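[1] How does the following fold in three dimensions:
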Amino acid sequence: MINWQWITTTAMAAQMVVLTAIATYLSLLVLTRIAGLRSFAKMSSFDFAITVAIGSLLASILLTKDPPLLQGITALSTLFLLQYLVSWGRRHSPLLLHLVDNQPVLLMAGSKVIERHLDQVRLSDADLKSKLRQAGIVSTEQVLAVVMETTGDVSIFEKGGHTLDLDMFDNVRGKQYLVNSGYASQGNSSSR
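    Predicted coordinates:
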């Protein structure tokens, strides 16, 4: 037996969804303009969490009566404010940066896979190989370095006649493997 209430709606309910969608969309535009370009950047784990929370909140505001529109917009504004404050704090406080962000992790130095780091980030060899293939890598001999970023994204650096500047890997756990690989210039950087 089909429960038609799951499929149909009333004209009033449809109008309220449209009104709520317009108001929420306009609020989102205004908040994004105020908070800046970073609002939906996925540069840290906190940014990712806020983006997911905003998406979930938008779905709740649009499709349910609870929370009411103004309450939902207040919650949305609060998330944007939190994102702004934490972003500002991360920039000015190394302690907050350390508390909020994961540290990027080196997964490969040259063709050498750092198994201990794969275990720490819960990535399998098959996952790593998949990421390498997606980047167009056909042999591990092409790899200069692979880093799992704070957001969970995987950055892959290919050999191309360039020497790695260790300053680019300053906050990456396992940076010392790059020094030992012979592909990096130490410059004024210190390894961790």
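[2] from memory Ala53 sits against Leu76, does it?
    No. The pair Ala53 and Leu76 fails to qualify as a contact (Cβ atoms under 8 Å) at a distance of 9.5 Å. Heads up, the C-betas are built off the backbone N, CA and C, glycines and all.
[3] more neighbours, the two?
    Neighbours were counted for Ala53 and for Leu76 using other Cβ atoms under 10 Å; Leu76 has more, 20 against 15.
[4] residues touching Gly110, list them.
    Shown in contact with Gly110 (Cβ atoms under 8 Å, 6 or more residues apart in numbering): 143-145, 181-183.
[5] What count of nearby residues applies to Ser160?
    Not Ser; residue 160 is Gly. Gly160 sits with 7 neighbouring residues when counted by other Cβ under 10 Å.
[6] wait, what's in contact with it?
    Going by Cβ under 8 Å, 6+ apart, Gly160 touches Leu144.
[7] Could you check how far it is from Leu28?
    Distance, Gly160 to Leu28, by Cβ to Cβ, to the nearest Å: 41 Å.
[8] Would you mind pulling the contact partners of the one helix or strand Ala145 maps to?
    Per DSSP states H and E, Ala145 falls inside strand 143-148. The contact list for strand 143-148, computed with Cβ under 8 Å, 6+ apart, reads 104-111, 117, 121, 123, 128, 131-132, 137, 154-160, 162, 164, 169, 172, 178, 183.
[9] now stretch 22-37
    Contacts of stretch 22-37 (Cβ under 8 Å, 6+ apart): 39-40, 58, 61-62, 69, 72-73, 76-77, 80, 83-84.
[10] buried residues in the helix or strand where Tyr25 lies?
    For Tyr25, the element it lies in under DSSP H and E is helix 11-35. Neighbour counts over helix 11-35 (16 or more other Cβ atoms under 10 Å) mark 20, 23-24, 27-28, 31, 35 as buried.
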